[in-house]
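In: Pasted the sequence and its predicted model underneath.
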Amino acid sequence: MRYYLLTIRTSNPESDWITPRNDLIDKVLIKFSATVKQLLRDSDLFSRFGGEEFVVLFPGTDAAKAKETMDEINRELYSNRFNTIDKKTFHISFSCGISQYPEFGQNLSILLSRADQA
């Protein structure tokens, strides 16, 4: 069976929201996680990998479907607005890379490295 592993990093071109306001960062990451979970299949696995980095494992799918799902999540996520402490509105989005098991590597560190390079 093929598995597709995606690494996801949240991003915002107006990085004003990355401030000591941890409640805002938490709110953004909670919304991000809820949006991803809502749009994944029951068989897909989603996990925070550290900081603002996440991974998704898509078992039994193909690259086109994995990319389509990530594009849908990015569109849905971007439709949300957040406000900074000084009342500026911003949107969040993310970038992701994809790696395929077993074709791109046989262990997690190689697969993650390949996905980060994509």
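Out: Good, I have the coordinates.
In: which element follows the helix or strand of the chain with the lowest mean pLDDT toward the C-terminus?
Out: Sorting the helices and strands of the chain by mean pLDDT, DSSP states H and E puts strand 3-11 at the bottom, at a mean of 66. Sequence-wise, the next helix or strand downstream of strand 3-11 (DSSP states H and E) is helix 22-39.
In: separation between the residue found closest to residue 27 once you drop the neighbours it is linked to in the chain and residue 51?
Out: Excluding the flanking residues, the one nearest residue 27 by CB to CB, 6 or more residues apart in numbering is residue 82, at 6.9 Å. Where you see a C-beta, it was placed from the backbone N, CA and C, and this is true even at glycine. For residue 82, the distance to residue 51 equals 18 Å [CB to CB, to the nearest Å].
In: ok, now residue 92?
Out: In terms of CB to CB, residue 92 sits 14 Å off from residue 51.
In: out of these two, which sits in the busier spot?
Out: residue 92 (22 against 9; other CB atoms under 10 Å).
In: quick one, phi/psi of that one?
Out: Dihedral pair for residue 92: phi -120, psi 160, per degrees, to the nearest 10.
In: what do you get for the one 10 residues further on?
Out: Its backbone dihedrals place residue 102 at phi -100, psi 0, with angles given as degrees, to the nearest 10.
In: and it, how many residues sit next to it?
Out: Per other CB under 10 Å, the neighbour tally for residue 102 reads 11.
In: just use 42 as the starting number from now, easier for me
Out: From this message on, residue numbering opens at 42, which makes the last subject residue 143.
In: tell me the pLDDT at it?
Out: Here the pLDDT value assigned to residue 143 is 82.
In: quick one: it from residue 155, how far?
Out: As judged by CB to CB, residue 143 and residue 155 stand 12 Å apart.
In: Residue 127 too?
Out: From residue 127 to residue 155 the distance is 40 Å (CB to CB).
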